[in-house]
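*Asks:* okay, sequence plus prediction incoming.
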Amino acid sequence: MTVRWTLGNPMLIDRSWWGGALKRFWKDRGGNFAMMTAITFVPILLSVGAAVDMGLFYRGKSTVQAALDAAALAAAKQFPFEQDDKKLEQYANDFFLANTSSLLRMSATMSYEGTEWTSDKSRELKLAACFEYKPIFLAMLKVTFAGIEGSGCAEAESVIVVGNTTVEVALVLDTSGSMKDPPAKGGNAKIVTLRAQAAKSIETLFGSGVKTGDEDPVKIGIVPFSGGVNIGTDYLDKWWMDPDGRSPIHHENFDWTTYTGKVLGVETRLAAKSLVYPGAWILVAPPTTPTTFLTRQYIYKKLKAANSNWAYKGCVESRPGAKYALTDVPPTSSDPSSLFVPYFAPDESDQLTSDSNGLWSNNYLTDSSTGGAEDRMRNMNKYFSGGQGRAVGSNLARTPSWMCDSPPLTPLTTDKSTALKAVKDLVASGATNVPQGVEWGWKVLSKNEPFTDGRDAGDEKNVKAMIVMTDGENTYYNDTYNSTLKNPATSAFGAYGFTGYDTPETTTPRLFDYKSGVSTTTSTSNYTLAMDGRLAAICENAKNDGRIKLTTPRGVQLSDERGPVTRDGIIIYTIAFDIPASAKTRVDALLKGCSSYKLSDLKDTTKAYAKKEKYFYSADSDAQLQAAFSDIMASLSSLRIAR
């Protein structure tokens with residue numbers, strides 16, 4: 001055997017020796033398996049190690065991306081509350097660190113990239129992350145790529161749209177007399193706490209002072225309610241306010257055949273039915289051009305001239321029947337029943353009771369008739385004589401606006417100062433009529449007349465929401481004098497008129513006309529039940545206005561035990577605040593039924609509806625009311641996140 005060493009080569013072996021050695025090696029079976037294993041072990045080990053490294057790398061990469069997405073979502077939810085970049089970055093980073101604490105052999109950092117507007121007027125919030133993996137085996141193989149230690153960090157990004165979903169919110173707030181009191185558990189007057197929490201919610205929704213407008217549209221309406229809803233005095237002569245007196249309820253407590261006066265020294269009937277508009281009345285003596293329609297508006301203007309206390313205050317009565325009273329059917333001139341009618345509590349008869357004044361509760365004019373209570377009330381001449389004028393009582397008693405004592409509503413506005421002033425001016429007085437509050441909350445959110453500031457129903461890029469808060473059960477009162485002395489009107493006047501008699505214009509008192517079979521018993525407890533029934537119906541109709549399909553991220557329609565899943569067109573949040581113990585069970589159930597299902601539970605198609613939670617809150621203290629409003633604001637913030 002000859003061995004040759006050559007400079008530049010490690011070792012050269014004679015070919016004859018090499019060939020023989022190979023033959024002997026292949027023939028020799030001793031120790032063959034061990035030698036083969038030794039030869040193949042290193043590459044196998046390196047391959048397995050590399051696979052482990054790659055698995056840990058991609059696992060860590062997924063963890064980082066998920067943590068970044070969670071942090072972006074958290075920051076997006078916080079954005080309406082806070083716009084300071086440093087605070088938002090810290091808020092997001094806390095989420096990011098909490099969700100990346102389990103990383104193996106990987107380090108990751110997050111950075112807040114801020115927000116910017118896109119060409120389609122969406123505001124995007126961006127987060128970025130940089131991460132590196134410290135390999136074990138890949139380093140031996142000298143494998144390098146972004147994300148491997150020493151090769152530069154790999155980058156991840158999460159972008160979430162905030163504020164591209166517009167929001168319209170109606171705050172429907174109870175301002176009845178009981179709101180002057182503190183909760184049973186103590187604290188400030190409930191109206192004080194309500195003003196504070198409503199103002200805080202307005203600040204939150206408008207983004208803590210961030211200007212809103214075309215790019216970030218937030219609209220808020222304020223709808224106070226007590227015995228009715230005051231829409232404001234500016235609408236008295238609008239076309240939808242029945243200026244010609246054609247609605248079937250417009251003349252409900254008037255008898256225009258009694259309107260007389262001297263013409264050329266002869267006592268003459270001054271009114272006649274219109275030949276053009278059935279149901280309307282016109283002034284015929286003397287005739288006027290254009291035609292003078294005899295209406296509530298006409299009476300209000302005459303009364304105001306005689307006594308400013310008798311001027312129109314802004315309330316509207318409920319329209320007749322379920323088709324109009326429980327829906328958002330828009331008013332049209334061709335359908336008189338669809339028109340709205342100014343609230344008008346008629347003057348009730350005098351000198352028919354035994355009280356110290358010798359007068360009915362809502363008597364403010366000297367009678368022009370000597371007949372019975374109903375005849376005296378319906379006689380029209382007294383409205384144009386200007387006689388008497390008793391002092392105005394609580395709840396605007398002894399005026400045409402009796403029980404119309406809530407502050408005027410504020411239609412949807414993009415001006416934060418306007419909304420804040422509206423809640424600052426809330427005062428507590430009067431009865432409780434939640435169905436009227438919800439009805440007008442719906443109208444404020446609607447695109448239909450009388451308020452047209454709302455967007456189209458069913459718009460997926462717009463959230464319509466109503467926050468309804470009340471501190472008691474629905475109330476409609478019997479008038480002590482009317483009941484005791486057999487006045488056929490029975491009840492005090494309210495948004496549904498009187499309850500105790502059928503007028504020539506209506507066959508069923510309006511409080512009970514929302515569906516067939518409703519008891520017309522004239523007791524306060526039955527009035528409450530009727531109002532509860534009206535509320536339940538209005539809530540369902542409002543929620544069904546423009547329902548929106550719920551889909552998977554891939555756009556597939558969700559379905560559950562009831563079929564295709566949709567969310568409410570108007571999302572209703574309800575708050576029962578310090579409800580008296582005697583009514584709490586019933587009122588809580590009523591308000592819970594009125595509220596919407598939580599969106600997260602709707603999307604869980606495996607959960608039975610009996611176990612799905614709703615946007616209902618029961619608050620017994622100032623702190624609980626604050627918590628309820630805070631949770632609602634967080635929910636609305638989540639709903640505004642588009643993706």
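*Replies:* Great, that's in hand.

*Asks:* which element, helix or strand, includes the closest residue to residue 510 other than its chain neighbours?
*Replies:* Excluding its sequence neighbours, the residue lying closest to residue 510 (CB to CB, 6 or more residues apart in numbering) is residue 496, at 4.2 Å. Any C-beta I mention is one placed from the backbone N, CA and C, and that applies to glycine too. Taking DSSP states H and E as the definition, residue 496 sits outside all helices and strands.

*Asks:* now do residue 158
*Replies:* strand 154-162.

*Asks:* chain center to the helix or strand following that strand, what's the gap?
*Replies:* Next along the chain after strand 154-162, taking DSSP H and E as the criterion, comes strand 166-174. Taking CA atoms, centre = their mean, to the nearest Å, one finds the center of strand 166-174 at 5 Å from the center of the full chain.

*Asks:* before we move on, the earlier item: and the strand holding residue 158, what's buried?
*Replies:* With burial defined by 16 or more other CB atoms under 10 Å, the residues of strand 154-162 counted as buried are 154, 156, 158, 160-162.

*Asks:* quick one: residues in contact with stretch 600-618.
*Replies:* 550, 558-562, 565, 567, 571-576, 579, 588, 591-592, 595-598, 624, 627-628, 631-632, 635 (CB atoms under 8 Å, 6 or more residues apart in numbering).

*Asks:* mind running it again at 7 Å?
*Replies:* 550, 558-560, 565, 567, 571-576, 588, 591-592, 595-598, 628, 635 (CB atoms under 7 Å, 6 or more residues apart in numbering).

*Asks:* show me what counts as buried in that stretch.
*Replies:* By neighbour count on 16+ other CB under 10 Å, the buried set for stretch 600-618 is 602-603, 614-618.

*Asks:* between those, which sits nearest residue 238?
*Replies:* Of all the buried residues of stretch 600-618, residue 238 sits closest to residue 615, with 33.7 Å by CB to CB.

*Asks:* quick one: that closest one from residue 87, how far?
*Replies:* According to CB to CB, to the nearest Å, residue 615 and residue 87 sit 28 Å apart.

*Asks:* and for residue 424?
*Replies:* From residue 424 to residue 87 the distance is 28 Å (CB to CB).

*Asks:* show me which of the two is the more surrounded one.
*Replies:* Using other CB atoms under 10 Å as the criterion, residue 424 and residue 87 rank with residue 87 on top: 14 against 11.

*Asks:* can you pull the phi/psi pair for residue 63?
*Replies:* phi -60, psi -40 (degrees, to the nearest 10).

*Asks:* so it sits right up against residue 100, yeah?
*Replies:* Yes. Under the criterion of CB atoms under 7 Å, residue 63 makes contact with residue 100 at 6.3 Å.

*Asks:* neighbour count for these two, which is higher?
*Replies:* Legend: neighbour count by other CB under 10 Å for residue 63 and residue 100, higher for residue 100 (22 against 19).

*Asks:* distance check, the closest residue to that one other than its chain neighbours against residue 110.
*Replies:* Nearest residue to residue 100, sequence neighbours excluded (CB to CB, 6+ apart): residue 67, at 4.8 Å. Note on residue 67: its distance to residue 110, by CB to CB, is 8 Å.

*Asks:* can you give me the strands for the stretch 301-450 of the chain?
*Replies:* For the stretch 301-450 of the chain, strands defined by DSSP state E, counting those that start in this stretch occupy the ranges 410-413.

*Asks:* looks to me like residue 191 is in a helix.
*Replies:* Yes. Assessed with DSSP: H, G, I helix; E, B strand; the rest coil, residue 191 lies in a helix.

*Asks:* give me the pLDDT for it.
*Replies:* Note for residue 191: predicted pLDDT of 97.

*Asks:* check residue 639 too.
*Replies:* 76.

*Asks:* what is the neighbour count of it?
*Replies:* With other CB under 10 Å as criterion, residue 639 counts 15.

*Asks:* for residue 460, same thing?
*Replies:* Counted with other CB under 10 Å, residues neighbouring residue 460 total 12.

*Asks:* who touches it in this structure?
*Replies:* Counting by CB under 7 Å, 6+ apart, residue 460 makes contact with residue 548.

*Asks:* follow-up on the earlier one: using TSV, please lay out the buried residues of stretch 600-618 together with distance to residue 372.
*Replies:* Formatted as TSV, these follow (distance: CB to CB, whole Å):
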residue	distance to residue 372
602	57
603	63
614	51
615	51
616	48
617	50
618	48
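
*Asks:* can you pick out the most distant pair from those?
*Replies:* 603 and 618 (24.6 Å).

*Asks:* what residues are up against residue 326?
*Replies:* Per CB under 7 Å, 6+ apart, neighbours of residue 326: 514, 534, 537-538, 541.

*Asks:* from the buried residues of stretch 600-618, pick the one nearest residue 257.
*Replies:* residue 616 (51.3 Å).

*Asks:* partner residues bridging that closest one?
*Replies:* residue 574 (DSSP bridges).

*Asks:* mind checking how far it is from residue 590?
*Replies:* Distance from residue 616 to residue 590, by CB to CB: 10 Å.

*Asks:* just the contacts of residue 326: which are in strands?
*Replies:* With strands taken from DSSP state E, there is no overlap with these.

*Asks:* which of the residues you listed has the weakest pLDDT?
*Replies:* residue 514 (93).

*Asks:* lowest average confidence, helix or strand, in the chain?
*Replies:* In the chain, no helix or strand scores lower on mean pLDDT, DSSP states H and E than strand 3-4, which sits at a mean of 34.

*Asks:* circling back to that earlier point, which pair of the buried residues of strand 154-162 spans the longest distance?
*Replies:* Pairwise over the buried residues of strand 154-162, using CB to CB, the maximum falls at 154 and 162, 26.2 Å.

*Asks:* can I see the domain layout of this protein?
*Replies:* Here the domain parsing of the chain from automatic domain parsing is 32-162, 166-229+405-474+523-639, 233-312+316-396.

*Asks:* and the end-to-end length of the last one?
*Replies:* Which is domain 233-312+316-396. 16 Å (CA to CA, to the nearest Å).

*Asks:* over to the longest one?
*Replies:* The separation between the terminal residues of domain 166-229+405-474+523-639, taken as CA to CA, is 10 Å.

*Asks:* got it, and stretch 287-300?
*Replies:* Start-to-end, stretch 287-300 (CA to CA) is 20 Å.

*Asks:* so how far is that stretch off the chain centroid?
*Replies:* 40 Å.

*Asks:* pLDDT (mean, whole number) over that stretch?
*Replies:* Mean predicted confidence for stretch 287-300 is 92.

*Asks:* ditto for stretch 401-411
*Replies:* On average, stretch 401-411 scores 95.

*Asks:* and that stretch, C-alpha only, in PDB?
*Replies:* Extracted in PDB, the C-alpha atoms of stretch 401-411 (Å, rounded to 0.1, in the frame of the first residue of the first chain):
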ATOM      1  CA  SER A 401    -101.400  72.200  27.300                       C
ATOM      2  CA  TRP A 402    -102.300  70.300  30.500                       C
ATOM      3  CA  MET A 403     -99.800  67.400  30.900                       C
ATOM      4  CA  CYS A 404     -97.600  68.700  28.100                       C
ATOM      5  CA  ASP A 405     -94.800  69.600  30.500                       C
ATOM      6  CA  SER A 406     -91.700  67.900  29.100                       C
ATOM      7  CA  PRO A 407     -88.900  69.900  27.500                       C
ATOM      8  CA  PRO A 408     -88.900  70.000  23.700                       C
ATOM      9  CA  LEU A 409     -87.100  67.300  21.900                       C
ATOM     10  CA  THR A 410     -83.900  67.900  19.900                       C
ATOM     11  CA  PRO A 411     -83.800  66.300  16.400                       C
END
